[in-house]
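Novice: sequence? don't have it. structure:
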């Protein structure tokens, strides 16, 4: 799979940061967010961390836990 790098090395714009927050709130996977924004998954994760945006799914159980 080729990496989407149309925005690689470019600074993040406020609308992109806003879109990142919106997509993260909808539980969009990091790779999909990267494709939509033209960034690598690592860049998305780094920016989310910098902006204190959680990329963890809120509607799913953590691995290793099950309902008993």
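Specialist: On my side now, so go ahead. Quick caveat, the model's predicted, so the values are computed rather than measured.
Novice: going forward, measure contacts between C-alpha atoms and count neighbours the same way
Specialist: Fine.
Novice: so where is the protein shaky, pLDDT-wise?
Specialist: Applying pLDDT under 70 to the chain picks out residues 1-5, 58-68.
Novice: Following element in sequence after the lengthiest helix in it, please.
Specialist: In the chain, with assignment by DSSP state H, the single longest helix is helix 14-25. Sequence-wise, the next helix or strand downstream of helix 14-25 (DSSP states H and E) is helix 30-37.
Novice: contact partners of that next one?
Specialist: 4, 7, 16, 20, 23, 24, 40, 41, 43, 44, 45, 55 (Cα atoms under 8 Å, 6 or more residues apart in numbering).
Novice: need these in a markdown table with distance to residue 31 and neighbour count, can you?
Specialist: Formatted as a markdown table, the contacts of helix 30-37 follow (distance: Cα to Cα, whole Å; neighbours: other Cα atoms under 10 Å):
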| residue | distance to residue 31 | neighbour count |
| --- | --- | --- |
| 4 | 10 | 16 |
| 7 | 15 | 12 |
| 16 | 15 | 14 |
| 20 | 12 | 24 |
| 23 | 11 | 17 |
| 24 | 11 | 20 |
| 40 | 7 | 21 |
| 41 | 5 | 19 |
| 43 | 10 | 15 |
| 44 | 8 | 21 |
| 45 | 10 | 20 |
| 55 | 11 | 20 |
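Novice: Mind picking the two most distant members of these?
Specialist: 7 and 55 (20.2 Å; Cα to Cα).
Novice: Tell me how far residue 38 lies from residue 30.
Specialist: 12 Å (Cα to Cα, to the nearest Å).
Novice: The two - which one has more neighbours?
Specialist: Taking other Cα atoms under 10 Å, residue 38 and residue 30 do not tie; residue 30 has more neighbours (21 against 18).
Novice: which other helices and strands contact whichever strand or helix holds residue 42?
Specialist: Taking DSSP H and E as the definition, residue 42 sits inside helix 41-50. Applying 3 or more Cα pairs under 8 Å, 6 or more residues apart in numbering; DSSP states H and E, we find helix 41-50 packed against helix 14-25, helix 30-37.
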